[in-house]
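1. Pasting a predicted model and its sequence here:
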Amino acid sequence: MIGNLFTEAVLVGILASGIRLATPYLYAAIGETFSQRSGVLNLGVEGQMLIGAFAAFFVSFTTGSLWLGLLAAIISGLLMGLAMAFVSINLQAEQGISGIGFYLFGLGLSDLLFQKMLGTVETVSGFRPIYIPYLSDIPIIGDIFFNQNILVYGAYLLVVAAWFVLNKTTIGLKIKAVGESPEAADSLGVSVARVRYFTVILGGGLSGLAGASLSIALLNVFQQNMTSGLGFIAVALVYFGGWRPFAVMGGALLFSMVNSLQLWVQVLNIPIPSDFAVMMPYVLTIIALVITVQRVRPPSALTKPFERGH
Amino acid sequence: MTETQLLPSGKPIISQLEMLNITKRFPGVIANYKVNFDVRSGEVHALLGENGAGKSTLMKILYGLYQPEEGQIKLDGKEVSIHSPVDSIDLGIGMIHQHFMLVESLTVAENVALGLPSSRGFLTDLDKVSERILELAEIYGLQVDPEAYIWQLAVGQQQRVEIIKALYRGAALLILDEPTAVLTPQEVDEFFITMRQMIDDGHALIFISHKLHEVIEISHRVSVLRDGQMIGTIPTKGATKSKLAEMMVGREVGIKKDRFETDTSEKRLVLENVSALSNRGTPALTNVTLDVRSGEILGIAGVSGNGQRELAEVITGLRPVTGGKIILEGEDVTGLTPKQLMNRSLSYIPEERMKDGMIKEFTVAENLILREHDLEPFSKNGLLNLKTISAHSEKLITSYNVKTPSQETMAKNLSGGNIQKLVLAREISRKPHTLIAAQPTRGLDIGATEYVHLRLLEQREEGTATLLISEDLDEILALSDRIAVLFEGEVMGVLHQSEATPEKLGLLMAGVVE
Amino acid sequence: MNRKRQSEVVSKLMDALLPVFAVLAALAIGAVMLIILGANPIEAFGALLEGAFGSANALADTVVKATPLLLIGLGICISFRGNVINIGGEGQMIIGALMATALGLAFPEWPGLLMITLAMVVGFLGGAVWGGIPGALKAYFGVNEILSTIMMNAIAVQLMNFLLAGPMIDPVQAGKASKIPQTARLSNAFDLPRLIPTRLHLGALIAVILAVVVYILLWRTTLGYRIRAVGQNQDASRYAGIDVKRQVVLALLLSGAFAGLAGAIQVFGVNHRMITDGSATGFTGSAGFNGIVAALFGQLHPLGTIPASFLFGALLVGANKLQRVVQVPSAVITALNGLVVIFVVSSEIWRRRRETKRRTEATFEMEIEELHPPPAQDLTANEEGVS
Amino acid sequence: MKHLGKILILLTVAVMLLAGCGGGEEEVAAPEVFRVAVVMPSAINDLAFSQSMYDALSAIQAERGADKFEFVYSESMFVVDDAAAAIRDYASQGYNLIIAHGSQYGSSLQEIAPEFPETSFAWGTTVDTFGLDNVFAYEARAEEGGYVMGVMAAMLSESGIVGVVGPIETGDAKLYVDGFTAGVTATKGEAQVNANWIGSFSDVALASEAAQTHIGAGADILTGTAQMVVGAIGVAEENGVLWFGTQSSQTSLAPSIVVANQVYRWEVVLKEMISLIEGQTYGGQSFLITLENGGLEVEFNSAYALPDEVKTAAQAAIDGIVDGSIDPLP
């Protein structure tokens, strides 16, 4: 029966859904890449995603405009990012812990708003897959790559953009410098705080977008705790990818494809207990880390607040 | 010099900069108290002082990294306010920090471009930056590869990058904070050529050092700080080493200890054709053959990065050998762990004390048992014997004259000199048969250096075999019985103290064998 | 001198009270949320206090809640001191509980005291294994422990789901169509003894005793010395001949072991069987994460973690009561909990600032005594602050 | 550090003393008002298990009047330990009936109930009262509706492949899926039922992807249970695949593709319990909601044009189950 896995339909399914499932991870993980590259660990991603997911859903639901929903998600994410930035940059709070605080806050607040403003699970008609002339018609390839909604494409464009920003722009240079050696950046007049504010807020906005990709593009509903640990996996993927956008994308794709593989394993009635099937992505992630020996060093100043003269 | 005079970089000169009545406090110390200081275009003004005298603080104030509580800064007669490096850079002030302010994971060009507006807006213009770097390199004779990553560069090269960074920003006044501490004699000479060229072009240079002969060689005026206060400013012409040293320390220094004959019959440590790799996997040591005898100090001279660090690590078991044998007191100890070697009475004073020699967040007492914490009498059955540890540290603090409020003080609160005493006390109090001392006085001031030297000679007389690795030729020459020179991981030759001269050693250090 | 001493005491007292002020500030925002929701905040916070401390039962609940937080917090003290971030408390707690429960189910006839002792040991070992794996992966393969412990949590949950629905299922449930994934109830003889006639069980006492043990471990043993040395400075430890990798493994292993023990105690002291709703939280109550927060509130000191866990446990228990009394959605509690965490960690900065200020002020006094006498021949000014 | 510890302890004691003075004023319920407290594992608006109970209590309240029937709830009590504290607290406040709405709460109830012999407890979904005379048990014969749905699914499916999305293979969810599978295979022997247990009650994204996988595998009918299936319903709608709901009505989520829902009407058994309690019987019995007693209802979506023969077959299945001629769990 394992042989059933290697049919075209299944492989296409795994690839297509792997690409789709990776979307929220990508938005969140790329945002996290920026903030970690500048030296701030944001563990509150999950909370920001939930707030973003709710904002996107609620605004889309009430106004009927998905674009307004998207905007709302980004703005709410930015605000959460701003708060996180203030706490970790100005108040120099222990980042791992304040992140957990923001997670809980986002989890609670999104649920509360959901109960008070919506009251029940509703649906919206979210972003639809975009038909791209010719490309979408190519057999197999079209199904895998060119039958996705705009936020899916956006996620992959974001990876390219993130790579570009980090490697080809002045702000990218500042981000990397601030994360590696804030003292050196500071001695050249680069404002460490400003750069970190920028990345953490940007990370918040992207996390909000990650939430929106769930609530108004992939799932089209809002449900309490709908991210269910996804944000934490996104943070893990940043480590997995060694803080490099394309490697982070590789990790996200690997994780989601294995996740999609385990769903197929069950659907094809391959006799593995479902619990073990569900375990697969996690076990494989660890194995992947063991065999691809990690030589990448985290940004030297990661989690370390900067204060001049210390 | 007229006010409109321009530097080769195209920026105007700074005719005179004055710092008046500067006072600055830190938790636990008054760093500067009513300090006056000035520097002019076309001169090197040396700032002398022991560690902790307040030199770096004064310069960080000038560069905008610290704000003074009192005092003012005047540039060409006008009062200026410097709140951050942005202000000082705008005013034409550049600083070469003692600990380089470079981002290791970025390239030379990226480090130079950092924080500057780009000609392409938000996109970087590294190609143009590289061009300009090469131009400046040409003008000032500072060879660097703009594409190289900082971590690939030797210390001397990194320093050039620092200078170029400042020049690129149009610095007319350069603060050089102990720039020669990390350089070889040859590199120092080259560096002085660069400095002379800069003052000829109209730059103003502040040169911080505690190496007196360098100060005498390069500077026009000398100011001496002690305990945060300005002792005085004198023209260099006519100043003597001993005069300057006395101003610095507040007493006469430089009593030479006599060297006694010792029994050097036993070959304590022997290296036979030892080879090893560097962290990057390239050959760091090739067929090194050496012996260190009881009662002698074998000096290892060489330019930084020629295998000294690896040599010490191979002997102490921290780095695997790829070939050859290490024999300690007649037994082959190749491949033993650091712990096993330590238990064979080998002691090690590591090069980077703060990083490798002690634990900042541990107390003085805890640091003093770092090597022997699991041996009796300090512990028994896995439990620490706090009473013995306390008595032990009390004893060492007294006999090694470690200045600390108490043995419960965190090591990070001690001065550099006292930290070195701490490490020294720990390593020497074990009465080692063999001692590896790597750069034992780097970064120490005169008094502390003197102290370390006395202790090393004392060990020699007690019969310890000492391997002294140092980049300070004066130190090597003053202490060693024999001197081996390392170049690119190979021993270029071993000279007896009597036949060694700086010139001979310098040639060997450059890899020239006559 | 006396006045100086006094102001120092006041200043230290302020430091100690800081988390409390932070909690109050967070609750103030919570009050605004409650008012918006149409609830009376005074009534609500009254309920919170009552729920946490209002009766013997309430106090017992608080302590019962605090027990796993303290145990996991102790493990966190060890691992964080060793500079290893253990986010795997949830999984380690589950594995410890599973192993202890399996033992209890396998030998229902054994004497209670023997079983309880062995179950604690087995739980401890189970957690050690689950913590040791990411420890070894970090030490020998360079796998980031934040990542691997998060993954190990997910794996432990699925393992629990599998075991409780399969090999370890309650025989009564096995015969039913619905097959609730739970084990049989452990023999009554294995119940941890109650300390007073409430839910308060022996586990709380064990946890407090272990806090002292961990204190001794960290500061009075060579093992603790090494773990702290490696945590502070790997290079210096290596130079001093300490096997750095082994300490990294040990730090995570011990940390996991305490979480495993927390799991065993939770089963033998509170639940008396294991049951799963598919998530980790159903069993752990997020103790694996809250324990980290508790340890940090306790400033990573085993003894400081005792009151910190107690206060955090009180907050959790009281908040549930608040929800019941004023009937606001439970989401408010979660959000409030988050705010408390944020405010407390953020408040730390004032403690640090006061400490710096204290030291600088001391310097100002120094001025009069030390500036004018002839320059000292002392080589040792404080380099740290100066250069 | 030592100081900090001491001060914190002192402070806690102080807080405890204050709290001790403030607390203790319990309101005694007026006897004519019937007071119910319920502890539920998820949110009251989950469109699934918890909502079914909340809706039932609201229905009873609407019938009896808010002045005669009060109820309070603790939602999202997924931590068993917290639920136990809530149950004990409600019991000590003199509620007439305390419902532990979740099989995971059984052990706690078994321990607490004997301490409050005058209070009635109800535990679902199970049939076990632990032999205690103040504990009622209640259970849904979820397989009954499941079977009926399965019959319809088999007839509506063209591909002969039906997909199921479930949380973990247990309890209520397992019963429903087993019944559903039985209904499908009884109607169309060659039809295939693929089940996907995603291991979570909350992972909406994974539930949605599971639905995608089913569709990729050829399923043209989907069903699922628990609160995370809202993700799967969206996918079904997008792909024009039919959906069968259970526990609560999910029609509002996708009116065009929801065929029918099995809706739980706990009020049927709750009313029985309440009248027993009012007659001084506090427990000892177990209840079932079934198609027969109206506790389970197959609610057809009027917006979906169900072919007559399917509706007839469904009705026949209902009748067969009610009269016992069909066993939904063969």
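-> Great, that's in hand.
2. just the helices in the stretch 51-200 of chain D please.
-> All helices of the stretch 51-200 of chain D, identified by DSSP state H, counting those that start in this stretch, fall at D:80-92, D:106-112, D:142-156, D:171-187.
3. Equivalent analysis for chain A, please.
-> A:8-37, A:45-63, A:66-85, A:95-113, A:141-145, A:150-168, A:170-180, A:182-187, A:192-213, A:230-240, A:245-267, A:274-291 (DSSP state H).
4. what about the longest one and chain D, any contact?
-> I take that to be helix A:8-37. Yes. Helix A:8-37 is in contact with chain D by CB under 8 Å from any CB of the partner chain, via A:9, A:10, A:12, A:13, A:16, A:17, A:20, A:21, A:24. Yep, even glycine has a C-beta here, placed from its N, CA and C like the rest.
5. Let me see the contact set for residue A:204.
-> A:31, A:42, A:48, A:77, A:78, A:79, A:80, A:81, A:82, A:84, A:85 (CB atoms under 8 Å, 6 or more residues apart in numbering or on different chains).
6. circling back: would you mind finding the most buried of the helices of the stretch 51-200 of chain D?
-> Comparing these by mean neighbour count (mean count of other CB atoms under 10 Å in any protein chain shown), helix D:142-156 ranks first with a mean of 28.
7. Could you measure from residue D:129 over to residue D:272?
-> Distance of residue D:129 to residue D:272, given as CB to CB, to the nearest Å: 14 Å.
8. Residue D:313 too?
-> The value you get for residue D:313 to residue D:272, if CB to CB is used, is 32 Å.
9. same thing with residue D:229?
-> Distance from residue D:229 to residue D:272, by CB to CB: 30 Å.
10. So which of these two has more stuff around it?
-> Neighbours per residue (other CB atoms under 10 Å in any protein chain shown) separate residue D:229 from residue D:272, with residue D:229 holding more: 34 against 16.
11. Quick check, the more buried one in contact with residue D:165.
-> Yes. Between residue D:229 and residue D:165 there is a contact under CB atoms under 8 Å: 5.7 Å.
12. so what sits against both of these two?
-> residue D:207.
13. Give me the phi and psi angles of residue D:67.
-> phi -80, psi -10 (degrees, to the nearest 10).
14. Correct me if wrong: it contacts residue D:33.
-> Yes. The pair residue D:67 / residue D:33 is scored as a contact, 7.0 Å apart, by CB under 8 Å.
15. With neighbour numbers in mind, choose between those two.
-> Set residue D:67 next to residue D:33 and count neighbours by other CB under 10 Å: residue D:33 wins out with 14 against 10.
16. pLDDT wise, what is residue B:343 at?
-> Reading off the confidence values, residue B:343 has pLDDT 88.
17. same deal with residue C:380?
-> 34.
18. ok, is stretch B:173-180 in contact with chain A or not?
-> No. On the criterion CB under 8 Å from any CB, stretch B:173-180 is out of touch with chain A, staying 11.3 Å away.
19. And the residue of chain B positioned farthest from its centre, its phi and psi?
-> Residue farthest from the centre of chain B, counting by CA atoms, centre = their mean, is residue B:381 at 41.2 Å. Dihedral pair for residue B:381: phi 50, psi 40, per degrees, to the nearest 10.
20. From residue C:78, how far off is it?
-> 20 Å.
21. Show me what the mean pLDDT comes to for the strand or helix carrying residue B:45.
-> Using DSSP states H and E, residue B:45 maps to strand B:44-49. Average pLDDT, strand B:44-49: 92.
22. need the next SSE after it, C-terminal direction.
-> In N-to-C order, the element after strand B:44-49 by DSSP H and E is helix B:55-63.
23. And that next one, what does it pack against?
-> strand B:16-26, strand B:29-40, strand B:44-49, helix B:85-91, strand B:93-96, strand B:173-177, strand B:204-209 (3 or more CB pairs under 8 Å, 6 or more residues apart in numbering or on different chains; DSSP states H and E).
24. which residues are in contact with the fifth one?
-> I take that to be strand B:93-96. With CB under 8 Å, 6+ apart, strand B:93-96 has contacts from A:187, B:14, B:17, B:59-60, B:62-63, B:82, B:85, B:88, B:159, B:162-163, B:165-167, B:169, B:171-177, B:179.
25. could you say what helices and strands the following helix or strand past it packs with?
-> Once the chain leaves strand B:93-96, the next helix or strand it forms, by DSSP H and E, is helix B:108-113. Contact analysis of helix B:108-113 by 3+ CB pairs under 8 Å, 6+ apart lists helix A:170-180, helix B:126-140, helix B:155-168 as its packing neighbours.
26. thinking again about what came up before, most surrounded residue in the residues of helix A:8-37 next to chain D?
-> residue A:24 (34 neighbours).
27. before we move on, back to that, could the helices and strands packed on helix B:55-63 be laid out in JSON lines, adding mean neighbour count?
-> Formatted as JSON lines, the helices and strands packed on helix B:55-63 follow (neighbours: other CB atoms under 10 Å in any protein chain shown):
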{"stretch": "strand B:16-26", "mean neighbour count": "19"}
{"stretch": "strand B:29-40", "mean neighbour count": "22"}
{"stretch": "strand B:44-49", "mean neighbour count": "26"}
{"stretch": "helix B:85-91", "mean neighbour count": "20"}
{"stretch": "strand B:93-96", "mean neighbour count": "26"}
{"stretch": "strand B:173-177", "mean neighbour count": "25"}
{"stretch": "strand B:204-209", "mean neighbour count": "25"}
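28. tell me the contacts of the residue nearest to residue B:105 when sequence neighbours are not counted?
-> With CB to CB, 6 or more residues apart in numbering or on different chains as the criterion, residue B:105 has its nearest non-adjacent residue at 5.3 Å, and that residue is residue A:180. Counting by CB under 8 Å, 6+ apart, residue A:180 touches A:299, A:300, A:301, B:103, B:104, B:105, B:106.
29. Tell me where the stretch 51-200 of chain C has helices.
-> Counting by DSSP H, counting those that start in this stretch, the helices of the stretch 51-200 of chain C are C:56-81, C:89-106, C:112-141, C:145-165, C:171-174.
30. Identify whichever of the ones you listed lies nearest to residue B:74.
-> helix C:56-81 (50.1 Å; CB to CB).
31. buried ones in that closest one?
-> C:57-81 (16 or more other CB atoms under 10 Å in any protein chain shown).
32. now the angle from it to helix C:89-106?
-> On the basis of axes from the mean of the first three to the mean of the last three CA atoms, to 10 degrees, helix C:56-81 is oriented at 120 degrees to helix C:89-106.
33. Would you mind listing what in the stretch 201-350 of chain B touches chain C?
-> Going by CB under 8 Å from any CB, the residues of the stretch 201-350 of chain B near chain C are B:226-229, B:231, B:249-251, B:316, B:318, B:337-339, B:341-342, B:348, B:350.
34. switch the cut-off to 10 Å
-> Residues of the stretch 201-350 of chain B lying close to chain C (CB under 10 Å from any CB of the partner chain) are B:208, B:226-229, B:231, B:249-251, B:312-313, B:316-318, B:337-343, B:348-350.
35. distance of residue A:279 from chain B?
-> 36 Å (CB to the nearest CB, to the nearest Å).
36. Distance of that residue relative to residue C:89?
-> 19 Å.
37. who's more crowded, these two?
-> More crowded of residue A:279 and residue C:89, by other CB under 10 Å: residue C:89, with 37 against 23.
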